[in-house]
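>>> Pasted the sequence and its predicted model underneath.
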Amino acid sequence: MSLPTGIRNYTYAEDMAILRTRTHWVLLGVFLLLLFTAPLYLNDHWLGIVNRIGITIIAVTGLNILTGYCGQLSIGHAGFMAVGAYTSAVLTDRLGLPFLASLIFAGLSAGLIGMVFGMPSLRVKGFYLAITTIAAQFIIIWIIEHWTEVTGPNGIMDVSPASIGGIALKTPASEFYLILAITILTVYGAKNLARTKVGRAFVAIRDNDLAAEVMGINLFRYKLTAFFIGCFLAGLAGSLMAHTSRSISPDYFQFKDSILYVGMIIIGGLGTTTGPILGVVFIRLIDEFVTQLSPTLQTAFPNLLPGFTSGIAPMIFGLVIILFLIFEPRGLEHRWQLFKAAYRNWPFSY
Amino acid sequence: MKRISVLLSMVLTIILLLSVMTSACGPKAKPEQVLKVGVMTPSTGPVPEKGIPGQHGFADAVTYINKELGGAAGHPIELIWRDSAYDMQKVGTIVQDFMDAGCLIFATHSSTEMKAASGKSNEAGFPGIAAFISTINLHPPTHVYGPTPDYGDDWVAFAKYYMENIWKGPGKPKMALHGLANPTGLGARHGAQAKAAELGIELVDIAEHKISTLDETVSLQRMKDAKIDVLFISSTPAPTAIIIKNARDLGMFPGITIGCAAASFGKALVDLGGEAVEGVYGIAHMASWDDNTPGVAKLREYCEKNNPQDLYNDDYLHCWTTMLIMREILVQAVKNAGYNTLAKGGKTAWKAVEEQGIFKLKDYTADGLVGGTVRYAGGGDNRLNNYLRLFQVQSGKIIPVTAWQEAPLIKYETFDWWGK
């Protein structure tokens, strides 16, 4: 870890510490304080957006472990979220399982199905693996649409809210704390996973799978582990989505969402822990910005061409992403590292 | 170069944050002066050809209401519009946005959007209306209302007409359904499941298609092999035109009778299908653009002036009419509950809108934009109007073949198969 000028590591523990200096602790404390008091200064609409960001961070962190760390391109992540969402809704509402148990089962079922679709990863990679995972997206959604005895004729309309210890988490604020807690655990877990033997094996496979195998890394085992962890987190995110939106249907888990999730980790920074967070926040805020922009434009310029105000929004969305990829192809995480380096070295340039 | 990219990123981020903040907190009319109404349309995403005219219909109706009708009971209506992009994950946050912004009632363009919205809105008791409504939005009755009959009613009305006027053969006619894989298609299927046996119709095939479908010859060939007599399509105009063209190519049509639910039918279908849709029957829930009523005249005036490209578009007409019905609800709510109750906002206001506005609806004609009158019937019927008409495409024109007729309430929730 790079440190501010004049600070050195003297022990292995110091070298491995995520938070190394007093400033780190203070900044983290302030950040957590701001996060945990968010319901005091955000209205329900913004809390809803923050909740959506939290759920997406959990899913995209899973995709980042799979794609960013292990190099297994997956374009079917929304499908695995759907598995988690339906598993959780069915277990909670039809079989009466407690929410927390359903949450875990949602993750497990998505993880196991992810492993099934991950099996071809031993033989194929790159674009070919991408096609396999696209197939996963369509097969999963097809099954959900046609297995209506379990999944409902057109979704499940009355998913109960998440409930812990008999307390139903119905309001955006209570949902916020649930999602925040799981998001923090996910990010912390992902950060530590990357520093374990498993995480290093993932990186070795991503960088050169042949070399990794020669070094004794069991490709099949580790690739399937990556699929399991990545899809497990997608399942958790799907479960949270089901219990916070109160209704689910295949429309919630479209192919374009799977593509967007890949876009988020690219924009945030592949193979880093902070990258998915930055990518999700950036994309979701842009999304909200363009949603608010269209009516604002319509009010400000009533004589614009018909359809222009709604059409301008996706154009801006696309333009910002293109500009970003041109000016910062290594993702927001790289920009964040540059900023931190400048802060640490200040007042020196290098 | 590095400095430029750093600067650019920072400027972009600041602009982004500031714009979101300012747009969310921009100057708005004082709450005591206006009645806020939220509407969402899928103006981008997979169905902008439906969402954009709908968006224009809502907006032009509000202009008309505030300019010529003096708002609702003297209070201008403030329209809060959002583009849902047909993204169901986004719909929930939009509904929350409406609730936080102090909207008294909200509308969605499609039944699918309403399905995604109703999880949050029903829990809060926030009343909503979908311009195009399906069975699953209305059964069991909640805080969601329809301005018209639903897609299940369309199937029943067409089936009755077919049995009384077209079917001459012995025994039961064989019918196939082709429905969009969403509440639009599902509604017709529900109607058929509930009433096919009673009407003496044998359902031999039920096919689903995606909104992006480009070819349905496989499913149609299967129906052809089953020797169907009649095909009912519940979809949107583009897939419907494709299905009918495929049926022509396979030599099925003419030969069989084709009927369409309201969302499939209209000028858009005739434009897209051309000669292929000649002879096709369809349902309409609202007035036709050629009807000679004051409501249609006013609608045409605003459409020609503000959005001439939407002339004869049924999404525009549906959304315009839905907004007029919402205005009438607010008029009743102000009259019966008082403006101060509505100005309190939140659950008190939503309850007042529902109990003193929607439940008090009676004998509202919408200046001839609907058949019969807009009213709240009670007894689990959340359709605020239950009149529909059958049309047929004849020489490229949409000609009425029946008068307005009432669609009786079907209590779907009493059937064993409902929800399974």
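Great, that's in hand.
>>> hang on, isn't residue B:125 packed against residue B:354?
Yes - here residue B:125 reaches residue B:354: they are 7.3 Å apart, a contact under Cβ atoms under 8 Å. In this view, the C-beta of every residue, glycine as well, is placed from N, C-alpha and C.
>>> Common neighbours of the two, please.
Common contact partners of residue B:125 and residue B:354 (Cβ atoms under 8 Å, 6 or more residues apart in numbering or on different chains): residue B:143.
>>> give me phi/psi at residue B:282?
Backbone torsions of residue B:282, given as degrees, to the nearest 10, read phi -160, psi 160.
>>> ok, it touching residue B:269?
Yes - counting by Cβ under 8 Å, residue B:269 is a contact partner of residue B:282 at 7.2 Å.
>>> Which neighbours do these two have in common?
In contact with both residue B:282 and residue B:269: B:260, B:393, using Cβ under 8 Å, 6+ apart.
>>> How about the contacts made by the one residue sitting closest to the centre of chain B?
Nearest to the mean C-alpha position of chain B, by Cα atoms, centre = their mean, lies residue B:132 at 1.2 Å. Residues in contact with residue B:132 (Cβ under 8 Å, 6+ apart) are B:109, B:110, B:111, B:184, B:262, B:263, B:318.
>>> try 6 Å this time
B:110, B:111, B:263 (Cβ atoms under 6 Å, 6 or more residues apart in numbering or on different chains).
>>> Run through the residues that contact the residue in chain B that chain A sits nearest to.
Residue of chain B nearest chain A, by Cβ to the nearest Cβ: residue B:119 (3.0 Å). Counting by Cβ under 6 Å, 6+ apart, residue B:119 makes contact with A:245, A:246, A:247.
>>> what's the spacing between it and residue B:272?
34 Å (Cβ to Cβ, to the nearest Å).
>>> Please apply the same query to residue B:320.
Residue B:320 is 22 Å from residue B:272, by Cβ to Cβ.
>>> Between these two, which is the more surrounded one?
residue B:320 (30 against 18; other Cβ atoms under 10 Å in any protein chain shown).
>>> I'd assumed residue B:57 was in contact with the more buried one.
Yes - judged on Cβ atoms under 6 Å, residue B:320 makes contact with residue B:57 at a distance of 4.1 Å.
>>> so what's residue B:368 closest to, chain neighbours aside?
residue B:293 (2.6 Å; Cβ to Cβ, 6 or more residues apart in numbering or on different chains).
>>> so the one you found touches residue B:366, yeah?
No - using Cβ under 6 Å, residue B:293 is not in contact with residue B:366, being 9.1 Å away.
>>> okay, those two: which has more neighbours?
residue B:366 (22 against 16).
>>> Let's see the pLDDT reported for the more buried one.
On the pLDDT scale, residue B:366 is placed at 91.
>>> Return the residues in contact with it.
With the criterion set at Cβ under 6 Å, 6+ apart, residue B:366 makes contact with B:295, B:321, B:324.
>>> From residue B:322, how far out is it?
For residue B:366, the distance to residue B:322 - Cβ to Cβ - is 10 Å.
>>> Also residue A:255?
Counting by Cβ to Cβ, the gap from residue A:255 to residue B:322 is 31 Å.
>>> okay, those two: which has more neighbours?
residue B:322 (30 against 15).
>>> My understanding was that the more buried one contacts residue B:131; is that so?
Yes - counting by Cβ under 6 Å, residue B:322 touches residue B:131, with 4.4 Å between them.
>>> can you give me the helices in the stretch 251-400 of chain B?
When assigned using DSSP state H, counting those that start in this stretch, the helices of the stretch 251-400 of chain B occupy the ranges B:267-273, B:294-306, B:314-337, B:339-343, B:346-352.
>>> which outside residues touch the last one?
Going back to what we said before, that points to helix B:346-352. With Cβ under 6 Å, 6+ apart as the test, helix B:346-352 has contacts from B:104, B:125, B:126, B:127, B:333, B:337, B:341, B:342.
>>> Show the average pLDDT along that helix.
On average, helix B:346-352 scores 93.
>>> Give the buried residues for that helix.
By neighbour count on 16 or more other Cβ atoms under 10 Å in any protein chain shown, the buried set for helix B:346-352 is B:349, B:350, B:351, B:352.
>>> And the last one, how far from residue B:72?
Okay, so that is residue B:352. 13 Å.
>>> Can you tell me the element the residue of chain B closest to chain A falls in?
In the assignment (DSSP states H and E), residue B:119 maps to helix B:111-124.
>>> is the helix or strand immediately after that helix in the chain up against chain A anywhere?
Tracing the chain C-terminally past helix B:111-124 and defining elements by DSSP H and E, one meets strand B:128-130 next. No - Strand B:128-130 is not in contact with chain A by Cβ under 6 Å from any Cβ of the partner chain; minimum separation 13.2 Å.
>>> for strand B:128-130, packing partners?
Counting contacts by 3 or more Cβ pairs under 6 Å, 6 or more residues apart in numbering or on different chains; DSSP states H and E, strand B:128-130 is packed against strand B:105-108, helix B:111-124.
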